[in-house]
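*Asks:* what follows is a predicted structure for the sequence shown.
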Amino acid sequence: MGLIFYNMREQIQYKSKEEIEVMRHSCLLVGKAHVEAIKIMREGITTMELNNIVETFILDNGGTPSFKNYNGYPYATCISMNEAVVHGFPGSHVLKSGDVISLDIGVYKNGFHGDSAYTYAFGEISDEVKQLLRVTKQSLYEGIKKARAGNRIGDIANAIQEYTEKKHGYGVVRELVGHGLGRNMHEAPQVPNYGKKGTLQKLKEGMVLAIEPMVNLGVKEVSHLDDGWTILTRDRKTSAHFEHDVCITKGEPDILSSFAEIEAAEKANSNLTWSHS
Ligand code: MF3
Ligand code: CO
């Protein structure tokens with residue numbers, strides 16, 4: 001979500017089994033929207049063209065883009081290139097070899113939001129950046145492993161921080177956090193990507209969390225572009241972002257979003273390199 005919501009004091013909204021199935025549909029539609037963008041990722045395409053194909057796909061499938069007009073955000077997607085962490089504007093940037101593309105998409109349909117981000121590597125990418133992407137993606141799953149009834153938000157946060165910062169020496173962004181998800185795109189609780197085990201809210205069946213590590217190759221500090229939205233790494237080194245929507249159950253975490261189709265489309269596009277190299 002955006003910069004930490006100091007006023008996020010509202011109650012956690014627990015979802016029924018029926019509501020979870022409606023949400024799953026919105027979350028899966030986000031993955032399919034990613035696929036539409038992946039299919040046209042090639043040299044010469046602009047990030048605005050990626051945005052537009054996603055927006056058209058969402059509307060054609062009976063949804064609306066969650067981000068557009070949210071607190072005045074002007075586009076259907078956030079496309080954060082290279083040193084941009086999150087909330088980048090799509091625009092005239094032409095994809096070129098070496099680009100790192102964090103694409104974040106939200107879909108609102110049947111009263112519920114889905115929200116999922118994935119970072120793509122375009123063309124020739126350094127080993128250093130490939131490793132950042134692998135580790136950031138894996139850190140999301142390290143967090144998800146802790147997303148179980150009885151655990152606490154701090155257990156998720158700690159697992160992500162341990163894996164990225166302590167184990168691999170990357171910078172975990174502090175100012176931006178994951179969030180509850182449901183009838184609103186941002187619900188309580190906040191889900192930081194750093195913190196202590198055993199702290200913060202207790203996880204209960206029916207909670208849905210958007211877990212979204214934002215991890216920098218260099219320093220954890222960020223700065224703001226004067227467009228009012230784009231967040232950049234302070235040292236201008238590359239940043240990565242992966243996001244899943246996860247429902248807390250009595251047993252295994254139920255990941256409502258999916259990377260399966262994204263990964264298949266990524267493999268099928270020879271311009272995208274990292275996860276299958
Ligand atoms: N996934 C981001 C979030 O959780 C995207 C929000 S962009 C915004 O906040 F423009 F809608 F704020
Ligand atoms: Co989010």
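*Replies:* On my side now, so go ahead. Ligands and ions are numbered 1, 2, ... in the order given.
*Asks:* whichever strand or helix holds Asp104 packs against which elements?
*Replies:* For Asp104, the host element (DSSP states H and E) is strand 100-109. Judged by 3 or more CB pairs under 8 Å, 6 or more residues apart in numbering; DSSP states H and E, strand 100-109 is in contact with helix 17-39, helix 47-60, strand 64-65, strand 77-81, strand 84-86, strand 112-121, strand 239-241. Quick note: C-beta positions are derived from backbone N, CA and C, even for glycine.
*Asks:* need the ones you listed in JSON lines (columns: distance to Glu263, mean neighbour count and mean pLDDT).
*Replies:* Shown next, in JSON lines, are the helices and strands packed on strand 100-109 (distance: least, CB to CB, whole Å; neighbours: other CB atoms under 10 Å; pLDDT from 0 to 100):
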{"stretch": "helix 17-39", "distance to Glu263": "10", "mean neighbour count": "20", "mean pLDDT": "99"}
{"stretch": "helix 47-60", "distance to Glu263": "18", "mean neighbour count": "19", "mean pLDDT": "99"}
{"stretch": "strand 64-65", "distance to Glu263": "23", "mean neighbour count": "19", "mean pLDDT": "98"}
{"stretch": "strand 77-81", "distance to Glu263": "19", "mean neighbour count": "25", "mean pLDDT": "98"}
{"stretch": "strand 84-86", "distance to Glu263": "21", "mean neighbour count": "25", "mean pLDDT": "98"}
{"stretch": "strand 112-121", "distance to Glu263": "9", "mean neighbour count": "26", "mean pLDDT": "98"}
{"stretch": "strand 239-241", "distance to Glu263": "16", "mean neighbour count": "27", "mean pLDDT": "98"}
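*Asks:* the ones you listed: which one's closest to Thr136?
*Replies:* Taking CB to CB, strand 239-241 is the member of the helices and strands packed on strand 100-109 nearest to Thr136, at 3.9 Å.
*Asks:* following element in sequence after the closest one, please.
*Replies:* strand 244-247.
*Asks:* the helix or strand just after that following strand pairs with which strands, parallel or anti?
*Replies:* Later in the chain than strand 244-247, the nearest helix or strand by DSSP H and E is strand 254-255. Partner strands and pairing direction for strand 254-255 (DSSP bridges) are strand 244-247 (antiparallel).
*Asks:* so where's this protein uncertain?
*Replies:* 1-9, 274-277 (pLDDT under 70).
*Asks:* quick one: name the residues of it near ligand 1.
*Replies:* Counting by CB under 6 Å from any ligand atom, the positions of the chain adjacent to ligand 1 are 1-2, 67, 70, 73, 78, 87, 104, 115, 117, 179, 210, 243.
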